[in-house]
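**Q** Quick one: sequence plus predicted model below, questions after.
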Amino acid sequence: MKLIQEYIEFWEIRYENIFSYLLEHLTIAFVSIIFAIIITVPLAIGMTKMKNERLKQSIFNVANFFQTIPTIALFALLIPIFGIGFTPAVVALFLYALLPLLRNTYAGVESIDQGIVEAAKGMGYSTVQRLAKVELPIAVPYIMSGIRITTIYIISWTTLATVIGAGGLGDLVMAGIGSNNTFMIFTGTALAIILALTVDLIFGIIERRLSVSRG
Amino acid sequence: MIQLKNVNKVYEDGFHALKNINLTFEEGKLNVLIGPSGCGKTTTMKLLNRLIDYTDGELTVDGKLISDINPIELRRQMGYVIQSIGLFPHMTIFDNVATVPKLLKWDKQKISKKVDELLKMVDLDPEMYRERYPHELSGGQQQRIGVIRALAAEPKIILMDEPFSALDPISREQLQDELVRLQKEINKTIIFVTHDMDEAIKIADQIILMRDGEVVQKGSPHELLTNPINQFVEDFIGEDRLRQARGLPPMTAFVNEDYPSVKVTASLDAAIHVMVDKKKDQMPIVDADDKYLGILSLYDAVKNRDSEIKELVDESVIAYRESAEVEKFVASKETIAPIVHEDMTFIGVLDQDQLLEVLHEQIDQKSGVTS
């Protein structure tokens, strides 16, 4: 009982701080993911129409390369270029988001039954019409699921952005470690989990809405 | 009318897919392209809507060179049905069927009327099916939608690429019947690709049999069945179908020449004696020149012992010319079939045991029982 009382007191004193950390966290995660979507989704769709296999493979290799760099190292590597704070954090997370988004979007458009594509072609859709009226609508649920998974990763990785002074819930955890404050560590961790789960839930609903009635 | 003159297709890697194809697809006819896989039948069909372009030769539709027509425009003027059906899963049945009319920017009411009309044509209630999604329909129903989708913009030409081969046998049969019926109603030029000879024989006006990028034989199903030009055609059609097409052999094949006959001038007692001796209850009677007169039955003979043969001969039992088709006898209700030469000279009677045996064989083959 005493513990709960103390924890409530902790929130009473710190809630403004906690919310600003939460907001920071969300901002970093969403800015990076939105930039990543803007770049990768059209790129991946373009790649499905690309005939040059080697170029396609090179693009995947680049995206793959960023994925292989340890998260903490990537943050550190960006310091000489972007300094510390918000910008390098967003850049690093953006680079991480590239591969899963690229792969899912590409696979989504590619996975469309060739019969459907052939029927659309044979009935006289132009390439642009086919993309807009047939291929994209069918691929949207796949693309959405890519965005959903990537967003959850990014929310989790944003916790590490604290090491380059970008703030977010990671700050709370790090400060808790520094001052041996279990409440702070617990709150930071729990909020990151809740945030990820909530986003997962919301995106899941959107995804289901988009794929309703198509079997 | 579609005409291919010396059409060749050579791929970049040097593969010669089509070699000097010369074909004519007449207006309003159902043309079937058939052959083993890799023979070029699908390639030939895809030349027509320019999903594949030929490399050499001339392909005209109603006299217009196909390479001068914009492929997108061209495709909107031709119906296209494919094996994997290819309905758009995110669109309702209505939107699927309305695809090409919408691309052609038809008036909304006209589209709606057309879709309902087409759904009724394949026995699907518009009220019930318009707003459904493809996955809610059975495979057979889906391909019905696939077919009417190709008909929606009233094209003169319809291309069908093995449209029924992925369906279960019952749906396949039904759709084949429906296609034949539809074709009579709508009278389109249909180019139909298949590898199923039964299907081709059933639906085609013209069959084009291909192998290794060449046309081996073309003609009506009857022509192919009765006059295959070489061993490959025979093998592809299959022994069973050829035999069935030939039908039953003529009367001569079944003639029993040992069957006794009696001259009309003989005594009735002699005739009865022969019948009893040979265990026959009916006997052909011939004149002095062996020309067939009629049948004497044992029953009549015994009942009227005092009469002469000529009074008892039943002349209503007709004789069959030896060249006649045995089907004629099978269709009649006679119990005996005398067989004669052209000049009515008696040869013998039809051997019914042998006929029965041949008939049984045919029935077994049709039902697929091997003996």
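**A** Alright, I've got the coordinates. Numbers count the residues shown, from 1 in each chain, chains lettered A, B, ... in the order given.
**Q** In the chain, spot the helix with the most residues.
**A** Just so you know, I chose chain A. Scanning chain A for the helix with the most residues, using DSSP state H, yields helix A:2-48.
**Q** wait, I meant chain B there
**A** Ordering each helix of chain B by length in residues (DSSP H) puts helix B:169-186 first.
**Q** Could you pull out the buried residues of that helix?
**A** Burial within helix B:169-186, assessed by neighbour count using 16 or more other CB atoms under 10 Å in any protein chain shown, is assigned to B:171, B:172, B:174, B:175, B:176, B:178, B:179, B:182, B:183. (C-beta placed from N, C-alpha, C; glycine too.)
**Q** Tell me where the model's unsure across chain B.
**A** B:247, B:363-371 (pLDDT under 70).
**Q** Near chain A, which residues of it are found?
**A** Contacts of chain B with chain A, taken as CB under 8 Å from any CB of the partner chain, map to B:49, B:51, B:72-76, B:80, B:82-90, B:99-100, B:103, B:133-136, B:146, B:149-150, B:159.
**Q** what about 6 Å?
**A** Residues of chain B lying near chain A by CB under 6 Å from any CB of the partner chain: B:49, B:72, B:75-76, B:80, B:82, B:84, B:86, B:88-90, B:99-100, B:103, B:133, B:135.
**Q** Quick check: the farthest pair among these?
**A** For the residues of chain B next to chain A, the maximum inter-member distance is 28.6 Å, found between B:72 and B:135 (CB to CB).
**Q** what helix or strand is residue 117 on?
**A** In the absence of a named chain, this looks at chain A. Assessed by DSSP states H and E, residue A:117 sits inside helix A:114-122.
**Q** wait, chain B
**A** Using DSSP H and E, residue B:117 sits in helix B:108-121.
**Q** Buried residues, that helix. List them.
**A** So for helix B:108-121, counting by 16+ other CB under 10 Å, buried means B:111, B:112, B:114, B:115, B:116, B:118, B:119, B:121.
**Q** The residue in chain B sticking out farthest from the centre and chain A: what is the separation?
**A** Residue distances from the centre of chain B (CA atoms, centre = their mean) peak at residue B:306, which lies 57.8 Å from the mean C-alpha position. Look at residue B:306 and chain A: by CB to the nearest CB, to the nearest Å, they are 86 Å apart.
**Q** Where does that residue sit: helix, strand or coil?
**A** Three-state call for residue B:306 (DSSP: H, G, I helix; E, B strand; the rest coil): coil.
**Q** List the buried residues for stretch B:232-244?
**A** B:233, B:236, B:237, B:241, B:242.
**Q** Those residues in helices, which ones?
**A** Counting by DSSP H, the buried residues of stretch B:232-244 place B:233, B:236, B:237, B:241, B:242 in helices.
**Q** Please name the nearest non-neighbouring residue to the second one.
**A** The shortest distance from residue B:236 to any residue that is not its chain neighbour, by CB to CB, 6 or more residues apart in numbering or on different chains, is 6.3 Å, and that residue is residue B:209.
**Q** For the strand or helix carrying the one you found, report the contacting residues that lie outside it.
**A** Assessed by DSSP H and E, residue B:209 sits inside strand B:206-211. The contact list for strand B:206-211, computed with CB atoms under 6 Å, 6 or more residues apart in numbering or on different chains, reads B:29, B:31-35, B:39-41, B:200, B:215-218, B:221, B:224.
**Q** what does stretch A:166-185 give?
**A** Contacts of stretch A:166-185 (CB under 6 Å, 6+ apart): A:7, A:10, A:21, A:24-25, A:28, A:85-86, A:89, A:158-162, A:188, A:191-192.
**Q** how distant is it from the center of its chain?
**A** Relative to the centre of its chain, stretch A:166-185 is centred 23 Å away, using CA atoms, centre = their mean, to the nearest Å.
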